[in-house]
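Chemist: quick one, what's the 3D model for this:
(one chain, ligands or ions: 1)
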Amino acid sequence: MDGTADKAGEQDSVDVLIVGAGVSGIGAGYYLQRDHPQRSYAILEARGASGGTWDLFRYPGVRSDSDLHTFGYEFRPWRSDTAIADSGSILAYVRETAAAYGIDRKIRYHTTVISADWSDADTRWTVTTEDTSTGERRDLTCQWLFCAAGYYRYDQGFTPHFEGRDRFGGPIVHPQHWPADLDYDGKRVVVIGSGATAVTLIPAMAPTAAHVTMLQRTPSYVLPVPTRDKLNTRLTRMLGDERAFAITRRLNIFRQVAIWRICQKYPDAARKIIRGLNARMLPEGFPVDEHFNPPYAPWDQRMCIVPDGDLFRVIREGKASVVTGHIETFTETGVLLSDGRELEADIIVTATGLNVQALGGMTLTVDGEPVRAPERFVYKGMMLSGVPNFVFVFGYTNASWTLKVGLVGEHFTRLLRYMDASGYDTATPTAADAAMPARPFTEFASGYIKRALDQLPRQSSRAPWRISPTYSADVKLLRKQRVDDPELRFTPAKETVPS
Ligand SMILES: Cc1cc2nc3c(=O)[nH]c(=O)nc-3n(C[C@H](O)[C@H](O)[C@H](O)COP(=O)(O)OP(=O)(O)OC[C@H]3O[C@@H](n4cnc5c(N)ncnc54)[C@H](O)[C@@H]3O)c2cc1C
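Modeler: Down below sits the predicted model:
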């Protein structure tokens with residue numbers, strides 16, 4: 001599947017250019033070719049392989065934290081009752097999907113999009129790309145640009161400054177750059193962090209490491225969930241895997257939204273329930289409130305899930321422990337905390353997160369004017385004010401990312417159909433009230449999002465400039481409502497003069 005695409009014979013001009021060959025880009029390709037088989041398109045991918053996130057991360061135990069019946073594409077059943085899946089299975093599923101529909105043949109690997117410049121006169125984007133192997137730059141043009149470039153930097157994970165970092169004698173590893181030959185058997189490992197990556201890594205490393213310590217500044221909500229979906233198993237036996245997938249998916253979407261709503265409405269009750277579940281799985285006398293009782297309400301930040309309570313199991317077995325405190329400095333042999341405690345370590349893992357990056361790091365201009373994302377409003381959660389023929393995907397933080405890919409993909413192809421039928425060739429979100437109030441892109445309080453708010457576009461407080469808080473709200477907005485919104489300005493297609 002690695003890209004060895006021959007640049008010879010590739011078109012310089014296509015109808016749609018999709019940036020990124022992860023789950024979003026491959027999903028976008030599917031909807032486009034299903035609904036507009038006559039349109040030409042290409043997927044530009046900076047890396048030498050497809051799959052994005054699911055190919056990049058190689059740390060022990062990498063897995064989903066959503067169920068695959070909702071993370072999988074609506075059009076391609078996830079044929080397994082394993083709800084929480086490892087990255088290898090997800091990658092295989094994404095690549096098989098791309099191959100099954102011939103989407104893989106549209107991917108141009110080793111091609112980074114550097115910039116895209118819209119011209120009103122040509123009603124086209126000129127997209128400047130760089131070949132990552134040769135450094136060669138090349139311009140392509142397209143009528144629509146679809147940004148499916150994910151939300152974080154691939155070259156560098158986020159690591160805060162740690163005093164004394166250079167003093168530490170052993171390896172310091174970031175999960176985004178996991179060395180294939182890192183040997184942690186029989187070693188003492190300190191994992192700094194309390195997010196999804198830390199709670200995944202710890203049970204995966206604990207069986208062979210001497211001991212793994214999760215060192216966190218602030219606790220997260222950690223929710224045990226079953227790895228296997230027993231209802232799906234039964235439904236598959238009764239109805240076959242396609243119908244079982246469709247039903248399981250609907251039920252899980254409903255459950256995700258319901259849990260999120262309950263947490264928002266009754267945070268104290270939700271906190272109590274989660275605490276009770278944690279206490280039941282932790283050893284007698286474990287200080288649950290010190291290590292598993294966050295200072296914020298459930299779902300104000302992304303919740304961590306642990307399949308079959310694996311994190312709690314390794315804590316019960318004494319293979320892992322949790323320390324909550326502030327790091328004063330790294331030392332030659334571990335970490336010193338500000339309260340004087342010292343943690344001995346052979347390896348330190350900084351599971352401290354991602355560097356959010358908007359729009360794949362590319363620069364955009366519209367008729368020579370730079371587009372600065374924080375100065376733009378998001379239209380229907382998928383376009384930017386004042387930017388013609390441009391769509392992006394930013395999935396849910398409180399549900400499976402892919403659910404949004406489906407809705408945006410469908411809405412985009414409906415929009416194209418409407419424009420074809422009406423003789424339009426450009427669509428530009430244009431607010432009726434340019435001075436409408438601005439709110440941050442998301443209210444979500446996770447550190448990696450908060451750090452990046454000043455790079456992200458803004459939303460407002462009314463439709464279509466408000467980002468839907470849930471999948472069900474987006475179903476109404478993107479699937480049910482019309483595509484010709486009064487605040488989407490269309491211009492007629494120019495007549496082509498026969499030569
Ligand atoms: C470890 C981990 C686990 C996760 N688990 C879940 C989960 O269980 N459920 C969930 O909903 N979400 C999860 N997420 C979020 C996850 O990233 C998304 O769900 C999803 O995989 C994102 O897909 P994507 O295609 O939008 O982006 P990515 O997977 O990031 O793919 C983007 C692609 O675009 C390419 N690209 C970027 N910029 C450019 C450019 N300028 N030019 C050319 N190519 C470019 C990249 O190389 C990459 O291949 C997880 C994230 C991480 C890091």
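Chemist: for the ligand, give me its nearest residue in the stretch 151-300 of the chain.
Modeler: residue 154 (5.3 Å; C-beta to the nearest ligand atom). (Each C-beta comes from the backbone N, C-alpha and C, glycine too.)
Chemist: show the contacting residues for that residue.
Modeler: By C-beta atoms under 8 Å, 6 or more residues apart in numbering, residue 154 lies in contact with 46, 47, 56.
Chemist: ok, now residue 370?
Modeler: 363, 364.
Chemist: swap the cut-off to 7 Å and go again
Modeler: Residue 370 is in contact with residue 363, counting by C-beta atoms under 7 Å, 6 or more residues apart in numbering.
Chemist: just checking, it is part of a strand?
Modeler: Yes. Counting by DSSP: H, G, I helix; E, B strand; the rest coil, residue 370 is found in a strand.
Chemist: that one bridge partners, please.
Modeler: Beta-bridge pairing of residue 370 under DSSP bridges involves residue 365.
Chemist: okay, it and residue 387: tell me how far apart.
Modeler: 11 Å (C-beta to C-beta, to the nearest Å).
Chemist: quick one: residues contacting the closest residue to the ligand within the stretch 101-250 of the chain.
Modeler: With C-beta to the nearest ligand atom, the shortest gap between the stretch 101-250 of the chain and the ligand falls at residue 150, namely 2.3 Å. Neighbour list for residue 150: 20, 22, 52, 53 [criterion: C-beta under 7 Å, 6+ apart].
Chemist: just give the closest residue to the third one, not the sequence neighbours.
Modeler: Spelled out, that is residue 52. Leaving aside its sequence neighbours, residue 52 sits nearest to residue 22 (C-beta to C-beta, 6 or more residues apart in numbering; 2.4 Å).
Chemist: ok, the one you found touching residue 53?
Modeler: Yes. Between residue 22 and residue 53 there is a contact under C-beta atoms under 7 Å: 6.1 Å.
Chemist: which of those two has more residues huddled nearby?
Modeler: residue 22 (24 against 21; other C-beta atoms under 10 Å).
Chemist: what about stretch 30-37, near the ligand?
Modeler: No. Stretch 30-37 stays clear of the ligand (C-beta under 6 Å from any ligand atom), getting no nearer than 12.6 Å.
Chemist: give me the residues contacting the lengthiest helix in the chain.
Modeler: With secondary structure taken from DSSP state H, the chain has its longest helix at helix 241-265. Defining contact as C-beta under 7 Å, 6+ apart, one finds that helix 241-265 is touched by 67, 69-70, 77-79, 229, 231-232, 235-236, 270, 297-299, 398-399, 403, 470-472.
Chemist: again, but for stretch 53-71
Modeler: By C-beta under 7 Å, 6+ apart, stretch 53-71 touches 22, 49, 78, 83-87, 90-91, 94, 150, 154, 175-176, 178, 180, 196, 200-201, 203-205, 229, 232, 245, 248-249, 252-253, 256, 305, 399-400, 402-403.
Chemist: got phi/psi on the residue of the stretch 101-250 of the chain closest to the ligand?
Modeler: Main-chain dihedrals, residue 150, degrees, to the nearest 10: phi 70, psi -160.
Chemist: and the pLDDT for the residue of the stretch 151-300 of the chain closest to the ligand?
Modeler: Confidence at residue 154, expressed as pLDDT, is 96.
Chemist: cool, residue 380 as well?
Modeler: On pLDDT, residue 380 comes in at 98.
Chemist: residues contacting the residue of the stretch 251-400 of the chain found nearest the ligand?
Modeler: In the stretch 251-400 of the chain, the residue that lies nearest the ligand is residue 360 (2.9 Å; C-beta to the nearest ligand atom). Counting by C-beta under 7 Å, 6+ apart, residue 360 touches 19, 20, 113, 147, 149.
Chemist: isn't the second one up against residue 45?
Modeler: Going back to what we said before, that points to residue 20. Yes. Assessed by C-beta under 7 Å, residue 20 is found in contact with residue 45 at 6.4 Å.
Chemist: now stretch 248-263: mean pLDDT?
Modeler: Average pLDDT, stretch 248-263: 94.
Chemist: and it, which residues are buried?
Modeler: Residues 248, 249, 251, 252, 253, 256, 257, 259, 260, 263 are the ones in stretch 248-263 that count as buried (16 or more other C-beta atoms under 10 Å).
Chemist: just to revisit the earlier point, what's the spacing between the residue nearest to residue 52 and residue 83?
Modeler: Relative to residue 83, residue 22 is positioned 21 Å away (C-beta to C-beta).
Chemist: what's next to stretch 33-41, contact-wise?
Modeler: By C-beta under 7 Å, 6+ apart, stretch 33-41 touches 11, 14, 15, 16, 18, 29, 32, 101, 106, 413, 416, 417.
Chemist: ok, and for it, which residues are buried?
Modeler: Buried positions in stretch 33-41, judged by neighbour count with 16+ other C-beta under 10 Å: 33, 36, 39, 40, 41.
Chemist: next, residue 114: phi, psi?
Modeler: When read as degrees, to the nearest 10, the backbone of residue 114 gives phi -90, psi -50.
Chemist: ignoring the adjacent residues along the chain, who's closest to it?
Modeler: Closest to residue 114 by C-beta to C-beta, 6+ apart is residue 128, at 4.8 Å.
Chemist: report the buried residues of the helix or strand containing the one you found.
Modeler: Assessed by DSSP states H and E, residue 128 sits inside strand 124-131. With burial defined by 16+ other C-beta under 10 Å, the residues of strand 124-131 counted as buried are 124, 125, 126, 127, 128, 129, 130.
Chemist: show me what that strand is packed up against.
Modeler: Strand 124-131 is packed against strand 111-119, strand 137-147, with contacts defined by 3 or more C-beta pairs under 7 Å, 6 or more residues apart in numbering; DSSP states H and E.
Chemist: reformat the ones you listed as a markdown table; add mean neighbour count.
Modeler: Listed next are the helices and strands packed on strand 124-131 as a markdown table, based on neighbours: other C-beta atoms under 10 Å:
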| stretch | mean neighbour count |
| --- | --- |
| strand 111-119 | 21 |
| strand 137-147 | 20 |
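Chemist: got a markdown table for the ones you listed, with mean pLDDT and distance to residue 277 too?
Modeler: Formatted as a markdown table, these follow (pLDDT from 0 to 100; distance: least, C-beta to C-beta, whole Å):
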| stretch | mean pLDDT | distance to residue 277 |
| --- | --- | --- |
| strand 111-119 | 98 | 44 |
| strand 137-147 | 98 | 39 |
